[in-house]
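K.L.:
sequence and predicted structure below; questions after.
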Amino acid sequence: MKFKRTLKADVIIDLTSMIDVVFILLLFFMLATSFNRDTNLIINLPAANGQKVNDPAFQIDIEIERTGAYTVNGVAQANTDVLSLMNAIEQLSAGDQSVPVTISADANTTHQAVVTALDAVARLGISSINIATIQTEAN
């Protein structure tokens, strides 16, 4: 008896569907990504050479305590959120964006408290920002 020989078919892996899936994933991630435009503030750091800087007629002083509490021109703020700080600065500046703002932060305060103050000032469109420092002793 003679048996028929079956021919073995070549095994081929079709990559077309995998390429389609990868392309769809790539397209999804490209469309789902959000691009944020960073806004930069021009911050004037005071020079620590011992010379007295002339203070303007009116400026807004924001003091940040070690605990993160804010004081705006000597008035302690009840809330530490950015909207409360913006309202306090807006009332003092009366919408004038040319008023200089000085931020004095405790050396041990959190970085977030300083960034919140900078964010509040930037949202109001004030561009003249100074960060107070102290002069260190030369060794």
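P.N.:
In hand now; what should we look at? Residues are numbered from 1 along each chain as shown.
K.L.:
quick one, helices of this structure?
P.N.:
16-32, 82-93, 111-123 (DSSP state H).
K.L.:
how about those in CSV, adding mean neighbour count and distance to residue 72?
P.N.:
Bear in mind the C-beta positions are built from the backbone N, C-alpha and C, glycine included. Formatted as CSV, the helices of the chain follow (neighbours: other Cβ atoms under 10 Å; distance: least, Cβ to Cβ, whole Å):
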stretch, mean neighbour count, distance to residue 72
helix 16-32, 9, 40
helix 82-93, 17, 4
helix 111-123, 17, 9
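K.L.:
of all those helices, which one is nearest residue 10?
P.N.:
helix 16-32 (16.8 Å; Cβ to Cβ).
K.L.:
check which helices and strands that closest one sits against.
P.N.:
Judged by 3 or more Cβ pairs under 8 Å, 6 or more residues apart in numbering; DSSP states H and E, helix 16-32 has no packing partners among the helices and strands.
K.L.:
quick one: residues contacting residue 110.
P.N.:
Counting by Cβ atoms under 8 Å, 6 or more residues apart in numbering, residue 110 makes contact with residue 68.
K.L.:
point out where the protein drops to low pLDDT.
P.N.:
Across the chain, the ranges flagged by pLDDT under 70 are 1, 36-56, 133-139.
K.L.:
now do 50
P.N.:
41, 43-47, 139 (pLDDT under 50).
K.L.:
follow-up on the earlier one: any chance of the helices of the chain in JSON lines, with distance to residue 59 too?
P.N.:
Below are those laid out as JSON lines (distance: least, Cβ to Cβ, whole Å):
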{"stretch": "helix 16-32", "distance to residue 59": "45"}
{"stretch": "helix 82-93", "distance to residue 59": "10"}
{"stretch": "helix 111-123", "distance to residue 59": "12"}
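K.L.:
so for residue 102, which of those helices sits nearest?
P.N.:
helix 111-123 (10.4 Å).
K.L.:
now could you export just the CA positions of that closest one as CSV?
P.N.:
Extracted in CSV, the C-alpha atoms of helix 111-123 (Å, rounded to 0.1, in the frame of the first residue of the first chain):
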residue,chain,number,x,y,z
HIS,A,111,10.3,75.1,48.0
GLN,A,112,6.6,74.8,47.2
ALA,A,113,5.7,77.8,49.3
VAL,A,114,8.1,80.0,47.3
VAL,A,115,6.9,78.6,44.0
THR,A,116,3.3,79.3,45.0
ALA,A,117,4.2,82.9,45.7
LEU,A,118,6.0,83.2,42.4
ASP,A,119,3.0,81.6,40.6
ALA,A,120,0.6,84.1,42.2
VAL,A,121,2.8,87.1,41.1
ALA,A,122,3.2,85.7,37.6
ARG,A,123,-0.6,85.1,37.2
